[in-house]
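S.K.: coords please:
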Amino acid sequence: MSRPVIHAENLSKRYRLGASQPLAGSLRDLFTGRGASRRASFWALRDISFDVEAGQCVGIIGRNGAGKSTLLKVLAQITAPTTGSAWFRGRVGSLLEVGTGFHPELTGRENIFLNGSILGMTRKEIASRFDAIVDFSGTEQFLDTPVKRYSSGMSVRLAFAVAAHLDPEILIIDEVLAVGDTAFRKRCMGKMSDVAKSGRTVLFISHNMAAIESMCDRAIVLSHGKMIYDGSAAEGVGAYLRSLQDGDATEQNLGNREGTGEVRIRSVTMEDETGDPVEVIRSGQSLSVTMEYEVVGDVSGLGPLAVGLIARSGGDVPLFHHHSRLNGQQFSDLPGRGRFTCTVPRLPLVPGGYQLSLTIFRDTSQGQRVDQVNNALNLTVIPGVFYETHELPHPVHGHMLVDADWSHDVIDDVSVPLDGRKAA
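M.R.: Residues are numbered from 1 along each chain as shown. Here you go, the predicted structure:
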C-alpha cells in the first residue's frame with residue numbers, strides 16, 4: 001500500500017476567548033495563577049484523523065464554524081495544532097484567505113517570483129510558467145502595481161493562478177473563490193479538476209454542494225470541530241444534509257425589512273417533502289417555505305392581504321416572485337398569530353446559491369407592502385432529477401428550469417445529410 005501524501009493524527013486546535021488583560025493584570029495573574037481561570041477556551045477542532053492518497057480530490061464541508069478553515073490552516077502549517085500532528089509529502093500550494101502569501105508592498109510580478117521561490121522553484125522554472133499565470137489571472141495590466149492596490153477580486157485571481165500553476169503536488173483551496181465572478185469561478189473549478197486528474201492532490205472547502213459532488217471523489221464532513229463523515233462525495237453531501245436537521249437548519253436574517261408594519265413576520269423556515277428542515281435541496285425536489293406572523297397593529301383598514309415568495313440569485317438578480325394572488329388566494333380576518341406556507345412541488349432552479357425573501361402585501365393594484373423581509377433565507381441547490389435524462393443546464397445559461405417539450409414537423413421532404421455532403 002502506498003504512503004499517503006497527507007497524514008493527520010488526532011488534530012485538535014483550541015483558541016482562548018475574551019480580550020487580553022492589561023499588562024499589570026497579566027503580571028499579577030502570572031504570580032497568582034488567576035489569569036487562566038478568567039479566560040474561556042473554544043475547541044475549533046477535536047481529534048481529527050485521516051490520510052489522503054496522491055491524486056485524490058477531497059471536499060471539506062460543514063456549516064459555518066464547523067472548523068473547516070481551521071483544519072486547512074493547520075494542514076498548510078499556517079497555524080499550529082494544540083494537540084496531535086500532521087505531515088505531508090510534496091510541494092504545497094494554498095489559497096486560504098484573500099492576499100495570503102502576498103507581500104502588499106511588492107508588485108504582482110514580484111509576488112509571483114516570491115511565491116515560486118517559497119515553493120522551492122528556480123527562477124527559470126517560475127519564468128517558464130509566468131505567461132500562463134498572467135493569462136489565467138487576467139492581471140497583465142496591473143503586474144507592476146503593488147498588490148496593496150489590488151481589489152479583492154484581482155488578488156484572488158492572481159493568488160489562485162500562482163497557487164495552481166506553480167506545479168504543487170498538493171493544492172489547498174478555501175472558499176475565497178466566492179470573491180471572483182462567475183466566469184472566473186468556472187475556470188478555477190476546471191483548473192482544480194485538471195490538477196486532480198494529473199495525479200496531484202486537492203483539498204477544497206466549499207458550501208457549493210454541486211461543486212463538491214461533481215469535482216470531488218471524497219468528502220470529509222465536520223460539525224462543531226469533529227469529523228462526522230469520511231467517504232464518498234455523494235454520501236458526504238447526504239451526511240451534511242442530515243447534520244443540518246440538528247437544531248435550527250435555516251439561517252434566517254429578519255433585519256432587512258420594509259413595510260407599514262401592522263403585521264410582522266416573526267420567523268421563516270424551509271422544509272423538504274418529508275417535513276425535515278433544510279437549507280440545501282436538490283433541483284426538482286419539493287420545497288416548502290413557512291413564515292410565522294403576528295398582528296401588531298390595526299389591520300381593520302388594510303383589506304384583504306396576499307403573501308409572496310421571491311427568489312434571487314447570488315448576484316441579487318430576481319428569478320421569480322410567486323404570490324397568492326396568482327392562485328386567486330387572499331386572506332382576511334387574520335388571527336393574532338398564524339403561519340403561511342408556500343410549497344413549490346418541483347423546484348425549478350439549477351444548482352447554485354440563492355436568497356429567498358418573504359412578503360405580506362395589500363391585495364390591491366398598488367400592492368402596498370405590509371411587511372417584507374428581504375434575503376431572509378439562504379438556499380443552496382444541488383444537482384437533482386428535474387428532467388428524465390437527469391441532465392441539467394449550466395448556470396451560465398440561466399438559473400431557471402423550464403418544463404417543456406420539443407416537436408418536429410417536416411416542411412420539405414428533400415433529405416439533407418447532416419454531415420454536409422450532397423445527396424446522390
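
S.K.: avg pLDDT for stretch 306-326?
M.R.: Averaged over stretch 306-326, pLDDT sits at 88.

S.K.: identify all contacting residues around it.
M.R.: Contacts made with stretch 306-326 from outside it, assessed by Cβ atoms under 8 Å, 6 or more residues apart in numbering, are listed as 182, 289, 291, 329-331, 340, 342, 344, 348-349, 352-363, 367, 375, 379, 399-400. C-beta coordinates here come from the backbone N, C-alpha and C atoms, glycine included.

S.K.: now these: which count as buried?
M.R.: 289, 291, 340, 342, 344, 348-349, 352-363, 375, 379, 399 (16 or more other Cβ atoms under 10 Å).

S.K.: so where do the helices sit in this protein?
M.R.: Listed from the start of the chain, the chain has helices (DSSP state H) covering 23-32, 68-75, 108-118, 123-137, 152-165, 182-197, 209-215, 233-243.

S.K.: domain parsing for this protein?
M.R.: As assigned by automatic domain parsing, the chain contains the domains 6-243, 257-387+391-397.

S.K.: mind putting these in TSV, distance to Asp412 included?
M.R.: Conversion of the domains of the chain to TSV gives the following (distance: least, Cβ to Cβ, whole Å):
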stretch	distance to Asp412
domain 6-243	40
domain 257-387+391-397	31
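
S.K.: hang on, the earlier thing: strands - which of the contacts of stretch 306-326 land there?
M.R.: When strands are assigned by DSSP state E, the members of those inside them are 289, 291, 340, 342, 344, 352-362, 375, 379.

S.K.: residue ranges with poor pLDDT in the chain?
M.R.: Scanning the chain for pLDDT under 70 picks out the ranges 1, 17-40, 97-101, 175-182, 242, 244-253, 314-315, 415-424.

S.K.: give me the most central residue, it.
M.R.: Taking Cα atoms, centre = their mean as the criterion, His207 is the residue nearest the geometric centre of the chain, at 2.9 Å.

S.K.: was I right to think that residue contacts Leu379?
M.R.: No - look at His207 against Leu379 with Cβ atoms under 8 Å: they stay out of range, at 11.3 Å.

S.K.: shared neighbours, these two?
M.R.: Overlap between the neighbourhoods of His207 and Leu379 consists of Gly353, taking contacts as Cβ under 8 Å, 6+ apart.

S.K.: contacts only, for Asp403.
M.R.: 346, 348, 386.

S.K.: so how many other residues sit close to the nearest residue to the first one once chain neighbours are set aside?
M.R.: Translated: Arg346. Beyond its immediate neighbours in the sequence, the residue positioned closest to Arg346 (Cβ to Cβ, 6 or more residues apart in numbering) is Gly284, lying 5.2 Å away. Using other Cβ atoms under 10 Å, Gly284 has 20 other residues around it.

S.K.: tell me the contacts of Gly284?
M.R.: Contacts for Gly284 (Cβ under 8 Å, 6+ apart) come out as 346-347, 384-386, 401.

S.K.: filter those to the buried ones?
M.R.: Neighbour-count burial (16+ other Cβ under 10 Å) applied to the contacts of Gly284 gives 347, 384, 386, 401.

S.K.: same list (those residues) but as JSON lines, adding distance to Gly308.
M.R.: Listed next are the buried ones among the contacts of Gly284 as JSON lines, based on distance: Cβ to Cβ, whole Å:
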{"residue": "Leu347", "distance to Gly308": "17"}
{"residue": "Gly384", "distance to Gly308": "24"}
{"residue": "Phe386", "distance to Gly308": "23"}
{"residue": "Leu401", "distance to Gly308": "20"}
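
S.K.: just curious, which of those residues is nearest to Val221?
M.R.: Taking Cβ to Cβ as the measure, Gly384 is the one of the buried ones among the contacts of Gly284 closest to Val221, at 19.6 Å.

S.K.: quick one: the closest one from Arg218, how far?
M.R.: The span separating Gly384 from Arg218 equals 21 Å under the rule Cβ to Cβ, to the nearest Å.

S.K.: what's the burial count for His390?
M.R.: What His390 shows, counting by other Cβ under 10 Å, is a neighbour count of 10.

S.K.: picking up where we left off before, out of the helices of the chain, nearest to Pro393?
M.R.: Nearest to Pro393, of the helices of the chain and by Cβ to Cβ, is helix 209-215 at 12.5 Å.

S.K.: by contact count, what packs against that closest one?
M.R.: Helix 209-215 makes packing contacts with strand 57-61, helix 182-197, strand 201-205, helix 233-243, strand 369-382 when contacts are defined by 3 or more Cβ pairs under 8 Å, 6 or more residues apart in numbering; DSSP states H and E.
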